[in-house]
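# structure for this input, please:
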Amino acid sequence: MFAKKLFEVLMAAMLYLLVTLLWFVYAMPEMVEHGSDAALITAGFGSLVWLSATGCILIYIIQKARP
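Below you'll find the model as predicted:
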């Protein structure tokens, strides 16, 4: 059971890092360079969603670590 849980945690961490890198290296800079209002709003909204998801993940990890 421990190996399965470790695998799930590592896969989730890898997926989070992959999505983070794709957003900040590929998608968002292209939207900002495009410069239209819709692209800038989408880039800002996507960054806020990423920040919110990161905060939720951190809160979940802190709550699970408590005995």
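# and the helix or strand bottoming out on mean pLDDT in the chain, how far out from the chain middle?
Least confident helix or strand of the chain, by mean pLDDT, DSSP states H and E, is helix 28-34 with a mean of 87. Relative to its chain's centre, helix 28-34 lies at 18 Å (Cα atoms, centre = their mean, to the nearest Å).
# which residues touch that helix?
The contact list for helix 28-34 (Cβ atoms under 8 Å, 6 or more residues apart in numbering) reads 39-40, 42-43, 46-47. The way it works is simple: take the backbone N, C-alpha and C, and place the C-beta from them, glycine included.
# rerun that using 10 Å as the cut-off
22-23, 38-44, 46-47, 50 (Cβ atoms under 10 Å, 6 or more residues apart in numbering).
# pull out the buried positions in it.
28, 31 (16 or more other Cβ atoms under 10 Å).
# then stretch 48-58?
residue 50.
# same thing with stretch 15-24?
Neighbour count says stretch 15-24 has residue 23 buried, by 16+ other Cβ under 10 Å.
# so, low pLDDT: which residues of this protein?
Counting by pLDDT under 70, the ranges of the chain that qualify are 1, 67.
# again, only this time at 90
Within the chain, the stretches with pLDDT under 90 are 1-6, 8-9, 26-37, 39, 60-67.
# could you pull out the helices for it?
Assigned by DSSP state H, the chain shows helices spanning 2-21, 28-34, 37-65.
# return the list of helices and strands in contact with the last one.
Taking 3 or more Cβ pairs under 10 Å, 6 or more residues apart in numbering; DSSP states H and E as contact, the helices and strands that helix 37-65 lies on are helix 2-21, helix 28-34.
# which one of the ones you listed lies nearest to residue 58?
Closest to residue 58 of the helices and strands packed on helix 37-65 is helix 2-21 (Cβ to Cβ; 11.2 Å).
# who's in contact with the closest one?
With Cβ under 10 Å, 6+ apart, helix 2-21 has contacts from 27, 50, 53-54, 57, 61.
# all set, thanks.
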